[in-house]
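1. Sequence plus the predicted model coming up.
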Amino acid sequence: MSTDIIDLLAGIAPDSPLQDVRALRPQAKENAQLSFEALLEPAEPGTFPLSERYAIAAFVARLHGFEEAASFYADLLGDEAPELVDVVAAAAADGALAGPYGVYREPGLASESTPGPAWTPAATPGVSARLAAALSHTHLLVFRPRESGPDALRALVVAGWSADDIVTLSQLVAFLAFQLRAAWGLRVLAQNPASSEAATVEGARR
C-alpha cells in the first residue's frame with residue numbers, strides 16, 4: 001500500500017502545511033509506514049492471519065475513540081472476515097473504559113496503583129477462543145499495561161498462540177498506540193492552522 005496511513009488517518013491533504021511538518025522527520029515517517037506494512041499487511045502473515053490483525057486494529061481504534069481509524073480498519077477487516085466487523089465493534093463498545101489503570105507489582109509504586117476491572121469478551125458464536133484471548137490481552141495492554149505479566153501470556157498460550165505470534169501481537173498493539181496518537185495529534189493541528197505553522201518553524205530549528 002503506497003498511501004501513507006498516518007496521513008490518511010489524520011486527514012492530511014497533499015497541499016496541507018502539515019505535509020511540511022511530517023517532511024521534517026522523513027525517517028520517522030518512513031519507519032511508521034514500514035511498521036504498518038510489516039505488522040498489518042505482511043506478505044506472509046503466517047499463523048497470525050490478516051483477519052486477526054485487522055480485528056485487533058479495529059478493536060484498538062474503537063477503544064481509543066478514534067472513529068476515522070476504526071472505520072478504516074473495519075473496512076480492512078470486512079475484506080478479510082466480514083462476519084467479525086460487528087462482533088469487534090460490539091466487543092469494543094462493551095470494553096470501553098477510561099484508563100490507564102491497574103495495580104503495580106513493584107512495592108515502590110504501590111501507592112500509584114489504580115485498581116479497575118479486568119475485561120474479557122462475552123462468548124460469541126463465530127469468535128474463536130484464540131481471537132477472544134487476543135482481544136482480552138489487547139484490552140489489558142491498552143488499559144492495564146502495568147498488570148501485564150506471565151499469567152497474561154500463559155492465557156494466550158493456552159488459547160493457541162505461539163511465542164512468535166504473541167510477540168507480534170504485542171508489537172501490533174504498541175504500534176497502533178503510536179500510530180493513532182500521531183494521527184490524532186496531526187488532526188488537532190489541522191484544526192488550528194497557526195499551530196501547524198508554529199510546529200513547522202519549531203521543527204526546522206531542531
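-> Cool, the structure landed. Residues are numbered from 1 along each chain as shown.
2. Might you report the residue contacts of Gly126?
-> Glu83, Leu84, Val87 (CB atoms under 8 Å, 6 or more residues apart in numbering). For glycine as for every other residue, the C-beta is placed from the backbone atoms N, C-alpha and C.
3. Let's verify it: helix, strand, or coil?
-> Using DSSP: H, G, I helix; E, B strand; the rest coil, the structure places Gly126 in coil.
4. all helices of the chain, in order?
-> Remark: helices assigned in the chain by DSSP state H are 5-10, 18-23, 26-40, 50-63, 67-80, 85-95, 129-143, 150-158, 163-190, 193-205.
5. Give me the most central residue, the protein.
-> Closest residue to the average C-alpha location of the chain: Leu176 at 2.7 Å, with CA atoms, centre = their mean.
6. Could you measure from Ala90 over to Arg154?
-> Distance, Ala90 to Arg154, by CB to CB, to the nearest Å: 27 Å.
7. One more: Gln19?
-> Taking CB to CB, one finds Gln19 at 46 Å from Arg154.
8. Among the two, which residue is more densely surrounded?
-> Neighbour count, other CB atoms under 10 Å: between Gln19 and Arg154, Gln19 has more, with 15 against 10.
9. Quick check: closest non-adjacent residue to the more buried one.
-> Excluding the flanking residues, the one nearest Gln19 by CB to CB, 6 or more residues apart in numbering is Ile12, at 6.4 Å.
10. So what's the residue count around Leu153?
-> Leu153 has 15 neighbouring residues, counting by other CB under 10 Å.
11. nope, Ser71 is what I meant
-> With other CB under 10 Å as criterion, Ser71 counts 13.
12. Same question for Ala190.
-> Using other CB under 10 Å, the number of residues around Ala190 comes to 17.
13. show me what contacts the residue lying closest to it once chain neighbours are set aside?
-> Closest residue in space to Ala190, ignoring its immediate chain neighbours: Leu18 at 5.9 Å, by CB to CB, 6+ apart. Shown in contact with Leu18 (CB under 8 Å, 6+ apart): Ala10, Ile12, Leu186, Leu189, Ala190, Ser196.
14. rewinding a little: gap between the residue nearest to the centre of the chain and Val142?
-> 9 Å.
15. quick revisit: can I get the contacts of Leu18 in CSV including pLDDT?
-> Output for the contacts of Leu18, formatted as CSV (pLDDT from 0 to 100):
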residue, pLDDT
Ala10, 91
Ile12, 87
Leu186, 91
Leu189, 87
Ala190, 82
Ser196, 49
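16. Out of those, which is nearest to Leu76?
-> Nearest to Leu76 among those: Ala10, at 17.4 Å, using CB to CB.
17. distance of the closest one from Lys29?
-> 12 Å.
18. just Leu176 next, same as before
-> According to CB to CB, Leu176 and Lys29 sit 17 Å apart.
19. What of Leu189?
-> 15 Å.
20. Comparing these two, which residue is more hemmed in?
-> A direct count of neighbours by other CB under 10 Å for Leu189 and Lys29 places Leu189 higher, at 22 against 16.
21. I'm done for today, thanks for sticking with me.
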